[in-house]
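1. need coordinates for the below:
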Amino acid sequence: MAATPQNPAAPRRKVSRHRGEGQWAVGHFTPLNGNEQFKKDDDGLNVRTRIETIYSKRGFDSIDPNDLRGRMRWWGLYTQRKPGIDGGKTAILEPEELDDEYFMLRVRIDGGRLTTEQLRVIGEISQEFARGTADLTDRQNVQYHWIRIEDVPEIWERLEAVGLSTTEACGDTPRVILGSPVAGIAEDEIIDGTPAIEEIHRRVIGNPEFSNLPRKFKTAISGSPLLDVAHEINDVAFVGVNHPEHGPGFDLWVGGGLSTNPKIGQRLGAWVPLDEVADVHVGVLSIFRDYGYRRLRTRARLKFLVADWGVEKFRQVLEDEYLNRKLVDGPAPDQPVARWRDHVGVHRQQDGRFYVGFAPRVGRVDGATLTKIAEVAAAHGSGRLRTTVEQKMIVLDVAEDRVDSLVEGLEALDLSVRPSTFRRGTMACTGIEYCKLAIVETKARGAALIDELERRIPEFDEPITININGCPNACARIQVADIGLKGQLVLNDRGEQVEGFQVHLGGALGLEAGFGRKVRGLKVTSEELPDYVERVLTRFRQEREDGERFATWAARASEEALS
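-> Numbering: from 1, shown residues only. All right, here's what the predicted structure looks like:
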C-alpha cells in the first residue's frame with residue numbers, strides 16, 4: 001500500500017541513485033568493485049618491476065595480495081591449486097586457503113607461430129623450472145606449472161631472448177591473438193592474416209592504453225576456409241572472405257564467448273581489407289575499454305554490451321566514434337569444406353613442400369617431449385612449427401622425401417599423425433590437478449577415456465569432439481562440442497558424492513554454430529564415463545541417417561537415446 005496522508009504508517013520507499021555499469025565513456029570512473037579498484041591503484045603492467053626487484057628476492061610471502069591474485073596475471077602468472085584439496089571445497093575456501101606457493105605461467109604464442117629454437121627453449125625451461133610440465137592450450141599457448149617466484153625473472157630473460165613473452169597472457173587485457181596455424185602456407189588459403197597479427201601485437205600488447213579493460217579480450221584472425229580459429233566464440237574475429245568487388249579480406253565478428261553465459265559472435269556485415277584490420281581491431285578494443293560494463297565481473301565481457309546494443313548500434317559507434325569512416329559491406333564466409341579443422345595429418349603447402357599436424361593426448365605434453373619435437377622438426381629441414389586451437393601442433397616446410405621419416409620420429413614420441421577419432425577429437429582443460437576453480441580431474445580422465453574408447457569401438461571413424469571441463473567456466477569449450485562434459489560433484493548409485501559431469505550434446509562451431517543440448521537430469525560419474533560415451537555413440541550409429549552429423553542427430557534424438 002502506498003504512503004498517503006490517510007496512511008501515515010506505510011513505509012517510505014528508499015530511493016537510491018543508480019551508479020550505472022561503470023562505463024568510462026558515460027563518465028563512470030569510480031571503481032565499483034575490488035578488481036576495478038586495484039587496477040585504478042596501479043597498472044598491472046607495473047608489477048613486473050616488483051617481481052624482479054622484490055618478490056623474486058624475498059620470496060612468496062613478500063607478495064602483496066593485490067599483486068598475487070590480481071596484477072601478476074598481467075604477466076601470465078596465476079597461483080596454482082594447493083595439492084590435496086578436493087572439489088567440494090573449491091567454492092567454500094578463501095583464496096589464501098586454495099593458493100599454493102607455486103604458479104602457473106602462460107607463454108603467449110600469437111598466431112601459434114614458433115621456431116624450433118623457441119620450442120627448444122620452452123622445453124628446457126619446463127625441465128629446469130616447471131617439473132617438466134608444459135601443456136598445449138586451446139588458445140595456442142603453452143602453460144607451465146610449479147613455477148617459483150624466485151625463478152620468474154630468469155624465465156622471462158630466456159623467453160625474451162628468443163622472441164617470446166608472457167606479457168598480458170592473462171588478466172583484464174588483450175589476450176593472445178589466435179591465428180590460422182597454416183597462415184601463409186596452405187594451398188587453399190583465402191588470405192594470410194599474419195601481417196595483421198603482427199601489427200596488432202605491435203600496437204596493443206604491453207600498451208598502457210589497453211592494459212585496463214573490463215575483463216579479458218580475445219581475438220581471432222584467420223584466412224583459412226576451414227574456419228580454424230573458433231572465431232565464433234571470440235570477442236572480435238576477422239574471418240577470411242572474398243568480396244565480389246574488392247577481393248580477399250575479412251568478415252568482422254564481435255561478441256562471442258562461452259563461460260556460464262555463452263553467446264555466439266555476431267557478424268557486423270562489414271568487409272575489412274588486410275591493411276585496415278589493426279585499425280578496426282583497435283576500434284573494437286577501445287569500445288570495450290570505454291563502454292564495457294565494469295560494475296559486475298559476471299557482465300564485464302564484450303558479449304553483454306553487444307547483446308544490449310545490437311550489431312547495428314555497435315557498428316555505428318565503431319564507425320562514427322572510433323574509425324571516423326564507414327566500413328564496406330561484405331559477404332559472410334562460406335561453409336567450411338571439411339569437418340576437422342585442426343590440420344592434423346600430412347598436407348601439401350603452396351610451395352610444394354608439406355606440413356604435418358600431430359595430436360598429443362588432450363594437450364598434455366612435457367618439456368622433454370617438446371625439446372625432442374624441436375629436434376625432430378629441425379632434423380627434417382623445418383625451422384618452423386605451429387600450435388593450434390585444438391591442442392595440436394604442426395611442423396611446417398617438410399620436403400616430400402622427408403615426410404615419412406618425420407612421421408616416424410613423431411610417432412616414436414607417441415605423437416600421432418594419424419590419430420583415432422577419439423585422440424583427435426578429445427581435449428581437456430587443466431582441471432583440479434592445478435586449477436583453483438576446478439571441481440574434478442580432467443587431463444588424466446580424458447587420456448584414459450581415449451584409451452578405453454579406442455579399445456571398445458576401434459572402428460568408429462566419424463568426426464566427434466569430446467571436450468572435458470573441470471568447472472562451469474568452459475575453458476575447454478564444452479558447449480560447442482559434440483559431447484561436452486562439465487565437471488561437478490554427483491551422486492553415484494550408492495548415494496556417495498563423487499566426481500562426475502553434466503553432459504551437453506550436439507554443440508558445434510562453423511556456420512551452423514550452436515550450443516549443446518542438456519538432457520534433464522543427465523549426469524554421469526567419472527567412473528561411468530566410458531560406458532556412457534560408448535552407449536551414446538553406439539545409438540548414434542544405429543539411428544543416424546546417411547551422412548548425418550552427431551550434432552544433427554543429437555538435436556532430434558529422444559532423451560532415452562541420449563541417456
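2. name the SS class of Thr102, please.
-> Rather than Thr, residue 102 is Tyr. Three-state call for Tyr102 (DSSP: H, G, I helix; E, B strand; the rest coil): strand.
3. burial count for it?
-> Neighbour count for Tyr102, taken as other Cβ atoms under 10 Å: 21. Glycine gets a C-beta too; all of them are placed from N, C-alpha and C.
4. now Arg202
-> So Arg202, with other Cβ under 10 Å, has 11 neighbours.
5. return the set of buried residues in stretch 413-427.
-> Counting neighbours by 16 or more other Cβ atoms under 10 Å, one finds that the buried residues in stretch 413-427 are 413, 415-417, 419-427.
6. in a markdown table: those, plus secondary structure.
-> Output for the buried residues of stretch 413-427, formatted as a markdown table (three-state DSSP):
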| residue | secondary structure |
| --- | --- |
| Leu413 | coil |
| Leu415 | coil |
| Ser416 | strand |
| Val417 | coil |
| Pro419 | coil |
| Ser420 | coil |
| Thr421 | helix |
| Phe422 | helix |
| Arg423 | helix |
| Arg424 | helix |
| Gly425 | helix |
| Thr426 | strand |
| Met427 | strand |
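7. export the residues you listed to JSON lines and append columns for distance to Phe250.
-> Shown next, in JSON lines, are these (distance: Cβ to Cβ, whole Å):
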{"residue": "Leu413", "distance to Phe250": "36"}
{"residue": "Leu415", "distance to Phe250": "32"}
{"residue": "Ser416", "distance to Phe250": "33"}
{"residue": "Val417", "distance to Phe250": "31"}
{"residue": "Pro419", "distance to Phe250": "31"}
{"residue": "Ser420", "distance to Phe250": "35"}
{"residue": "Thr421", "distance to Phe250": "32"}
{"residue": "Phe422", "distance to Phe250": "34"}
{"residue": "Arg423", "distance to Phe250": "33"}
{"residue": "Arg424", "distance to Phe250": "28"}
{"residue": "Gly425", "distance to Phe250": "28"}
{"residue": "Thr426", "distance to Phe250": "31"}
{"residue": "Met427", "distance to Phe250": "27"}
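8. Serialize these to CSV and add fields for pLDDT and distance to Val346.
-> Converted to CSV, the buried residues of stretch 413-427 look like this (pLDDT from 0 to 100; distance: Cβ to Cβ, whole Å):
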residue, pLDDT, distance to Val346
Leu413, 97, 17
Leu415, 98, 14
Ser416, 96, 12
Val417, 98, 7
Pro419, 97, 13
Ser420, 97, 17
Thr421, 97, 18
Phe422, 98, 20
Arg423, 98, 17
Arg424, 98, 14
Gly425, 98, 19
Thr426, 98, 22
Met427, 97, 22
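9. let me know the closest of those residues to Glu400.
-> Glu400 has its nearest neighbour among the buried residues of stretch 413-427 in Val417, at 15.0 Å by Cβ to Cβ.
10. show me the contacts for the closest one.
-> Contact analysis of Val417 by Cβ atoms under 8 Å, 6 or more residues apart in numbering lists Val344, Gly345, Val346, Val356, Gly357, Phe358, Ala359, Val407, Leu410, Glu411.
11. if we can go back for a sec, just give me the closest of the buried residues of stretch 413-427 to Ile85.
-> Taking Cβ to Cβ as the measure, Ile85 lies nearest Met427 of those, at 24.5 Å.
12. so the closest one bridges to which residues?
-> With DSSP bridges as the criterion, Met427 is bridged to Asn467.
13. tell me the most packed of the contacts of Val417, by neighbour count.
-> Ranked by the number of neighbours (other Cβ under 10 Å), those place Ala359 first, at 28 neighbours.
14. which residue lies closest in space to that residue, excluding its sequence neighbours?
-> Take Ala359 and drop its neighbours on the chain: the residue closest to it by Cβ to Cβ, 6 or more residues apart in numbering is Pro419, 4.3 Å away.
15. mind showing which ranges of this protein have poor pLDDT?
-> 1-19, 511 (pLDDT under 70).
16. for Asp188, see how far away the most centrally placed residue in it is.
-> Nearest to the centroid of the C-alpha atoms of the chain, with distances taken as Cα atoms, centre = their mean, sits Arg139, at 4.2 Å. According to Cβ to Cβ, to the nearest Å, Arg139 and Asp188 sit 24 Å apart.
17. cool, and Glu21?
-> Separation of Glu21 from Asp188 (Cβ to Cβ) stands at 44 Å.
18. kindly report the same for Glu512.
-> In terms of Cβ to Cβ, Glu512 sits 20 Å off from Asp188.
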